[in-house]
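>>> Give the three-dimensional model of this entry:
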Amino acid sequence: MNEARAEAGSPYRAQVLAHARAPLHQHTLTRCDAAAEGRNALCGDNIRIELTLREGRIADYAFRADACVLTVAAASMLGECVRGFDLRAVQALAVQFDQLLDGSVAVEAGAELGDLAAFAELVAFPARRKCARLPFATLLAALRGNARASTEEA
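Purely as a prediction, here's the structure:
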């Protein structure tokens, strides 16, 4: 979906477009302790997330993506949230994000998600949820020591 059409209607909000146009944390790390590649072959999204860890917690986060607006924006916003998080905290955030996308929690209840709450509009667009989930799956794969991740059915 092109940006002109995205601006005209849902599911995109101003925060999503802002992060997609000028993503934060989109670079490579000079020192990387964990990394994973995320790929959704059906839609063509590819992302690499790199982490620097200190005592099991995320000290630095970076990503590179050749992906849609939703994947890039989610990866950018995720980088703003997870500094200082360990695997358990990222898992809890991912559960909250999934609940937001599925509509089982209200936007107000997902306040801990920060800008990621903008993805609540994807409740009406189930086919696009996998794009927003890909950065989470890739981050979790990196923290678990897995090299690859996808949010598409195998």
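>>> how about the helices of the chain, start to end?
3-8, 14-21, 69-81, 87-102, 129-144 (DSSP state H).
>>> what does the fourth one rub up against?
What that stands for is helix 87-102. 56, 58, 81-82, 85, 105, 107, 110, 112-113, 116-117, 119-120, 122-123, 129, 132-133, 136, 139-140, 143-144 (Cβ atoms under 8 Å, 6 or more residues apart in numbering). C-beta here means a position set from N, CA and C on the backbone, and glycine is covered the same way.
>>> Roughly how far does Val90 sit from Cys81?
9 Å (Cβ to Cβ, to the nearest Å).
>>> just to revisit the earlier point, and the contacts of helix 87-102, which of them are buried?
Buried by 16 or more other Cβ atoms under 10 Å: 58, 81-82, 85, 105, 110, 113, 116-117, 119-120, 122-123, 129, 132-133, 136, 139-140, 143, out of these.
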